[in-house]
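1. please work out how this folds:
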Amino acid sequence: NCCSKEVKCMVIMEELAELQQVVSKFARGELKDMDMLLEEMADVMISIDMLERFSGFDDNTLSHAIAVKLYREGIRRGVIKEEKNND
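-> Reported below is the predicted structural model:
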């Protein structure tokens, strides 16, 4: 509660940018320390949790949104067969 929503959002964006930089190095084969990738992933997960809390979403809402996205991706890739409603 020490920071405004704007400051918290700025911190989250900075953490996302740091992960983006490390992932870019990883993709190019230039990442020498895999712990850096792990650390930035952890920072982003913590940031997502912080964003979830101050935006008013709960764990169930985010979990449901993730499940929906994974289901749609599975359909798109042909891994999951889409269920049809007979309404």
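2. for residue 75, see how far away residue 15 is.
-> Computed as C-beta to C-beta, to the nearest Å, the residue 15 to residue 75 distance reads 31 Å. Quick note: C-beta positions are derived from backbone N, CA and C, even for glycine.
3. OK, contacts around residue 23?
-> 37, 40 (C-beta atoms under 8 Å, 6 or more residues apart in numbering).
4. so residue 15 and residue 75 - more neighbours on which side?
-> With neighbours defined as other C-beta atoms under 10 Å, residue 15 and residue 75 compare such that residue 15 has more, 19 against 13.
5. local confidence estimate at residue 1?
-> On pLDDT, residue 1 comes in at 63.
6. please shift the residue numbers so they start at 54 in all later answers.
-> Sure thing, new numbering starts at 54, so read that last one as residue 54.
7. shaky segments in this protein?
-> Residue ranges of the chain with pLDDT under 70: 54, 139-140.
8. again, only using 90
-> 54-56, 111-112, 131, 133-140 (pLDDT under 90).
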